[in-house]
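In: Sequence and predicted structure, then a few things I'm wondering about:
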Amino acid sequence: NAGVTQTPKFQVLKTGQSMTLQCAQDMNHEYMSWYRQDPGMGLRLIHYSVGAGITDQGEVPNGYNVSRSTTEDFPLRLLSAAPSQTSVYFCASSYSSSGGQQETQYFGPGTRLLVL
Amino acid sequence: GQSLEQPSEVTAVEGAIVQINCTYQTSGFYGLSWYQQHDGGAPTFLSYNALDGLEETGRFSSFLSRSDSYGYLLLQELQMKDSASYFCAAHNDYKLSFGAGTTVTVRA
């Protein structure tokens, strides 16, 4: 299994440009999520999905869109990049436990994004 | 909103024991997880507590007290490779909220 994969690894954008960060998992996990991590801070939840066709907002959703058309893929779209979106982005996936809670989150290697 | 507090830095020598405390304020709390992250790497899962008490996994143990909204991660027999950032994370309603992280530096 490849686990959770993310592309690209690095990206430089100009303000106002759009792009899609790709995330895929091959573990048949129902739950997927996107986080951003800024220096000296923990991970902040952007959007999450509890299954194909179902998405919801996290703590910092503004400026980002997501969709979940398949179990495997969960892309994150930046519609008009801003310097404040310079960050490291992590995608994660997990099983949905019987209690509706996701115990072990498996993280991808991250995408480092710089917006000029 | 959710908030988790943990110390920003801890330094210890090889072979020592380190305890990283985490206090949380969150609604709909289900459990507390701990993650390790080396510089430039992805977070990796260490442990999860849904019930009060101690969970032991090798050299690492994690504790939860729901009544005190408090947990800790215990790192025993510290090794140089344990130098990393450690995050506590609260589970609530399909969302995971992370603390700002504790940087552990292990000295020879």
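Out: Now that the structure is in, tell me what you want to look at.
In: contacts and neighbour counts: CA atoms only from here.
Out: Noted.
In: ok, now which ones touch A:Q6?
Out: Listed by Cα atoms under 8 Å, 6 or more residues apart in numbering or on different chains, the contact set of A:Q6 reads A:L21, A:Q22, A:C23, A:A24, A:C91, A:G108, A:P109, A:G110, A:T111.
In: can I assume the fourth one is in contact with A:F74?
Out: Pointing back at A:A24 there. Yes: between A:A24 and A:F74 there is a contact at 6.4 Å, judged by Cα atoms under 8 Å.
In: Torsion angles phi and psi at the most centrally placed residue in chain A?
Out: Centroid-nearest residue in chain A, with Cα atoms, centre = their mean: A:W34, separated by 2.5 Å. With angles defined as degrees, to the nearest 10, A:W34 sits at phi -120, psi 140.
In: B:E56: neighbouring residues, count only.
Out: Residues lying near B:E56 (other Cα atoms under 10 Å in any protein chain shown) number 12.
In: So which of the contacts of A:Q6 wins on neighbours?
Out: A:C91 leads the contacts of A:Q6 on contacts (other Cα under 10 Å) with 32 neighbours.
In: my guess is that one contacts A:Y31, does it?
Out: No: counting by Cα under 8 Å, A:C91 does not reach A:Y31; the two are 10.8 Å apart.
In: got the residues of chain A near chain B?
Out: When proximity is defined by Cα under 8 Å from any Cα of the partner chain, chain A lies next to chain B at A:40-45, A:48, A:50, A:58, A:90, A:100-110.
In: Tell me, how many residues neighbour B:S47?
Out: Quick note: B:S47 (other Cα under 10 Å) scores 21 neighbours.
In: now the strands for chain A?
Out: Secondary structure of chain A (DSSP state E): strands at A:4-7, A:10-13, A:19-25, A:31-37, A:43-51, A:54-57, A:64-66, A:76-78, A:87-94, A:106-107, A:111-115.
In: Would you format these as TSV with distance to B:F87 and mean pLDDT included?
Out: Shown next, in TSV, are the strands of chain A (distance: least, Cα to Cα, whole Å; pLDDT from 0 to 100):
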stretch	distance to B:F87	mean pLDDT
strand A:4-7	20	97
strand A:10-13	24	97
strand A:19-25	23	98
strand A:31-37	12	96
strand A:43-51	9	94
strand A:54-57	22	95
strand A:64-66	25	98
strand A:76-78	24	98
strand A:87-94	15	96
strand A:106-107	14	96
strand A:111-115	20	97
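In: could the ones you listed go into TSV alongside distance to B:Y30?
Out: Shown next, in TSV, are these (distance: least, Cα to Cα, whole Å):
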stretch	distance to B:Y30
strand A:4-7	25
strand A:10-13	35
strand A:19-25	25
strand A:31-37	16
strand A:43-51	17
strand A:54-57	19
strand A:64-66	26
strand A:76-78	27
strand A:87-94	16
strand A:106-107	19
strand A:111-115	29
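In: who's in contact with the residue in chain A positioned nearest to chain B?
Out: The nearest approach of chain A to chain B comes at A:G42, 4.0 Å away (Cα to the nearest Cα). The contact partners of A:G42, by Cα under 8 Å, 6+ apart, come to B:F87, B:F98, B:G99, B:A100, B:G101.
In: May I have the strands that pair with the helix or strand of chain B at the bottom of the mean pLDDT ranking, each with its orientation?
Out: One helix or strand of chain B scores below all others by mean pLDDT, DSSP states H and E: strand B:95-98, with a mean of 90. Applying DSSP bridges to the sheet, strand B:95-98 is found paired with strand B:84-92 (antiparallel).
In: Read off the pLDDT value for the spatially closest residue to A:N1 that is not a sequence neighbour.
Out: Excluding its sequence neighbours, the residue lying closest to A:N1 (Cα to Cα, 6 or more residues apart in numbering or on different chains) is A:D26, at 6.5 Å. At A:D26, the pLDDT value in this model is 96.
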